[in-house]
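# Below are the sequence and a predicted model; questions follow.
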Amino acid sequence: MRPVLKGVRVVSLALNLPGPAALMRLRAMGARCLKIEPPAPAGAPRGTGGDPMSHYEPRAYQDLHRGIRTLSLDLKREAGQRQLHRHLAQADVLLTSFRPSALRKLGLDWKSLHAQHPALCMVTIVGAPGAQAEEPGHDLTYLASCDLVSGHNLPPTLYADMGGSLLTTEAVLQCLLARQQPGRRQGQGLHHEVALSEAAAYLALPRHWGLTSATGMVGGAHAGYRVYACRQGRVAVAALEPHFAARLCQAAGLEPSEAQDMTRKKLHRQLEAFFATQTRRQLDALAHLHDIPLHTLP
């Protein structure tokens with residue numbers, strides 16, 4: 001990744017995953033990043049305080065914070081506030097993931113912050129936009145609200161959090177670019193809000209359009225875009241385009257002309273029967289020989 005943000009200074013108060021994941025990407029783009037974390041409360045057991053992820057998933061925490069300076073500050077105390085504002089006076093961007101009411105209590109809402117640091121940009125990560133920003137939620141609830149949770153199975157990754165981190169990175173770039181645009185007060189900071197629920201909704205657009213529904217072409221209706229059982233495992237086939245579909249049919253011992261309608265149930269059964277006879281090694285070799293997009297799985 002090119003260091004396009006070299007010289008840009010980012011301070012983050014954002015905990016858990018979306019904020020640190022965005023900070024990781026900003027660091028990779030060359031930004032100088034400082035992460036401020038809360039100390040353990042007085043009388044709390046050892047191993048508390050800091051970012052919760054440092055306790056429940058240390059490996060992820062280490063990966064996210066590689067090359068990022070961390071500092072423990074109690075923002076509920078005047079000394080911690082003074083130290084924070086010394087860092088903000090030299091920063092270009094502040095990232096937060098607190099609820100709006102918590103930011104107001106700390107004097108870190110946009111109106112207060114902009115009055116103190118006019119050149120500072122601020123990107124706030126919230127669960128949902130508007131009044132819903134005060135409501136509790138997590139990745140799973142935002143995905144569920146967008147019909148992205150199937151049955152009782154948990155999603156294989158944290159889509160809303162990671163999608164939100166990308167939107168946060170995009171928001172930082174937007175703020176920095178807009179700050180330099182002619183026709184506005186150059187050098188004045190901007191504020192941008194990123195809602196994880198909106199990140200989930202963006203990722204859910206293919207489902208909203210019907211593409212990934214059971215009758216959608218990439219939801220199971222197309223025989224060349226499915227997961228089949230094979231000997232020793234499974235195979236994910238993505239022969240969606242006509243030329244790939246024709247090669248798939250030919251490799252399965254069918255006429256390439258069969259690929260003219262890949263939604264026929266008969267063709268689904270024929271391909272299912274073919275894959276059931278093939279080992280993963282055979283299918284990997286077949287994919288290479290015929291230039292077919294497929295990937296075998298345990």
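Done, it's in. Predicted model only: the values in this text are computed from it and were never measured.

# what residue of the protein is the furthest out?
residue 255 (41.9 Å; C-alpha atoms, centre = their mean).

# where's the closest residue to that residue other than its chain neighbours, which helix or strand?
Using C-beta to C-beta, 6 or more residues apart in numbering and skipping residues adjacent in sequence, the residue nearest residue 255 is residue 249, 6.7 Å away. C-beta coordinates here come from the backbone N, C-alpha and C atoms, glycine included. Assigned by DSSP states H and E, residue 249 belongs to helix 242-251.

# longest helix anywhere in the chain?
Across the chain, the longest stretch assigned as helix under DSSP state H is helix 159-179.

# For it, name the packing helices and strands.
helix 18-28, strand 93-96, strand 121-126, helix 139-145, strand 191-195, helix 196-203 (3 or more C-beta pairs under 8 Å, 6 or more residues apart in numbering; DSSP states H and E).

# got the buried residues for it?
159-169, 171-173, 175-176, 179 (16 or more other C-beta atoms under 10 Å).

# if we can go back for a sec, any figure for the gap between the residue farthest from the centre of the chain and residue 275?
Applying C-beta to C-beta, to the nearest Å, the value for residue 255 to residue 275 is 18 Å.

# Next: residue 49.
The gap separating residue 49 from residue 275 is 52 Å, by C-beta to C-beta.

# Report the next helix or strand after the worst-scoring helix or strand of the chain on mean pLDDT in sequence order.
Taking mean pLDDT, DSSP states H and E as the measure, the helix or strand of the chain with the lowest value is helix 53-56, at a mean of 92. Using DSSP H and E, the helix or strand that follows helix 53-56 in sequence is helix 58-64.

# who does that following helix touch, helix- and strand-wise?
Packed next to helix 58-64, using 3+ C-beta pairs under 8 Å, 6+ apart, are helix 18-28, helix 53-56.

# With distance to residue 155 as added columns, please give those helices in TSV.
Converted to TSV, these look like this (distance: least, C-beta to C-beta, whole Å):
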stretch	distance to residue 155
helix 18-28	15
helix 53-56	18
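
# Ok, which of those comes nearest residue 113?
Residue 113 lies closest, by C-beta to C-beta, to one member of the helices and strands packed on helix 58-64: helix 18-28, at 16.5 Å.

# partners of the next helix or strand after the closest one, with directions?
Going down the chain from helix 18-28, the next helix or strand is strand 32-37, by DSSP H and E. Next to strand 32-37 in the sheet, as set by DSSP bridges, lie strand 9-12 (parallel), strand 69-72 (parallel).

# separation between residue 296 and residue 285?
10 Å.

# Between the two, which is the more surrounded one?
The neighbour count for residue 296 versus residue 285, taken as other C-beta atoms under 10 Å, is higher for residue 296 (20 against 12).

# hey, what's the more buried one bridged with?
Note on residue 296: beta-bridge partners residue 235, judged by DSSP bridges.

# The least confident helix or strand of the chain packs against which elements?
helix 58-64.

# Report the buried residues of the helix it packs on.
By neighbour count on 16+ other C-beta under 10 Å, the buried set for helix 58-64 is 61, 64.

# Can you pull up the most central residue in this structure?
Note: the chain centre (C-alpha atoms, centre = their mean) maps to residue 162, 1.6 Å.

# wait, isn't it in contact with residue 16?
No. Checked against C-beta atoms under 8 Å, the pair residue 162 and residue 16 is beyond contact range at 11.9 Å.

# low-confidence ranges in the stretch 101-250 of the chain?
Judged by pLDDT under 70, the stretch 101-250 of the chain has its weakly predicted residues at 183-185.

# Quick one: neighbours of residue 291, just the number.
When neighbours are counted by other C-beta under 10 Å, residue 291 registers 10.

# before we move on, what about residue 89?
11.

# contacting residues around it?
Counting by C-beta atoms under 8 Å, 6 or more residues apart in numbering, residue 89 touches residue 117.

# Correct me if wrong: residue 245 contacts residue 239.
Yes. Using C-beta under 8 Å, residue 245 makes contact with residue 239 at a distance of 4.9 Å.
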